[in-house]
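Student: predicted model and sequence follow; I will ask about them next.
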Amino acid sequence: MARTPSARLDDMGDAILGIREALHDVNFETYRSSWVLQRSIERGLEIISEASRSIPDELKNLAPDVSWPAIAAIGNILRHEYQRVEPLIIWNIVENHLTVLEDAILVMSREVSNGHA
C-alpha cells in the first residue's frame, strides 16, 4: 500500500526531529569523531530524501526555497557513493538547510490537512 503525502511529510518531520535530538549540544568535532553520530544523521537524511521523492509537485511548489532535486540527490550519494561523503558537508546541510525544509514541511502539512492536496 502506498504511503500518503501526509505520511511522507510526517516521516520527513520525524527524521528532522531525530537529527536535531541526536545533535543537541554536539559540536562539529564531536560529530566528526563519532561513527555512530555520522551514520545516524546520514540515515535521517536518507529518509528525508526518500520521502521527498513521493511528495507531489503541487505541494513542493509551495516551498520554492527548498532545493528538491538536491534533497533527492543526497539520498543517492549516501546510499551509492558513501565513500565520498565528507562530515563537513553533512554538518553544513544540517546547520544551513534543515530549518528551511522544516518550515516547508509545516506549510505543506497544513495544506494537506486543509484538504487541498
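Tutor: Received the coordinates, thanks. Numbering: from 1, shown residues only.
Student: only C-alpha atoms from now on, for both contacts and neighbour counts.
Tutor: Will do.
Student: so what's the residue nearest the centre of the chain closest to, chain neighbours aside?
Tutor: The chain has Ile48 as the residue nearest its centroid, 3.5 Å off, counting by C-alpha atoms, centre = their mean. Among residues not flanking Ile48 along the chain, Met12 sits closest, at 4.8 Å (C-alpha to C-alpha, 6 or more residues apart in numbering).
Student: wait, that neighbour touches Ile55, no?
Tutor: No: the pair Met12 / Ile55 is not scored as a contact, 10.5 Å apart, by C-alpha atoms under 8 Å.
Student: from the contact counts, what lies against whatever helix or strand Glu29 lives in?
Tutor: Using DSSP states H and E, Glu29 maps to helix 28-32. Using 3 or more C-alpha pairs under 8 Å, 6 or more residues apart in numbering; DSSP states H and E, the elements in contact with helix 28-32 are helix 35-52, helix 87-113.
Student: same list as before, those helices that is, but in a markdown table and with mean pLDDT and distance to Phe28 included.
Tutor: Shown next, in a markdown table, are the helices and strands packed on helix 28-32 (pLDDT from 0 to 100; distance: least, C-alpha to C-alpha, whole Å):
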| stretch | mean pLDDT | distance to Phe28 |
| --- | --- | --- |
| helix 35-52 | 97 | 11 |
| helix 87-113 | 95 | 7 |
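Student: which one of those lies nearest to Ser67?
Tutor: Judged by C-alpha to C-alpha, the one of these that comes nearest to Ser67 is helix 87-113, at 8.9 Å.
Student: quick one: buried residues of the closest one?
Tutor: 87, 90-91, 94, 98, 101-102, 104-105, 107-109 (16 or more other C-alpha atoms under 10 Å).
Student: specify which member of these is nearest to Ser6.
Tutor: Nearest to Ser6 among these: Ser109, at 6.5 Å, using C-alpha to C-alpha.
Student: quick check: that closest one touching Ala7?
Tutor: No: the criterion here is C-alpha under 8 Å, and Ser109 misses it with Ala7 at 9.6 Å.
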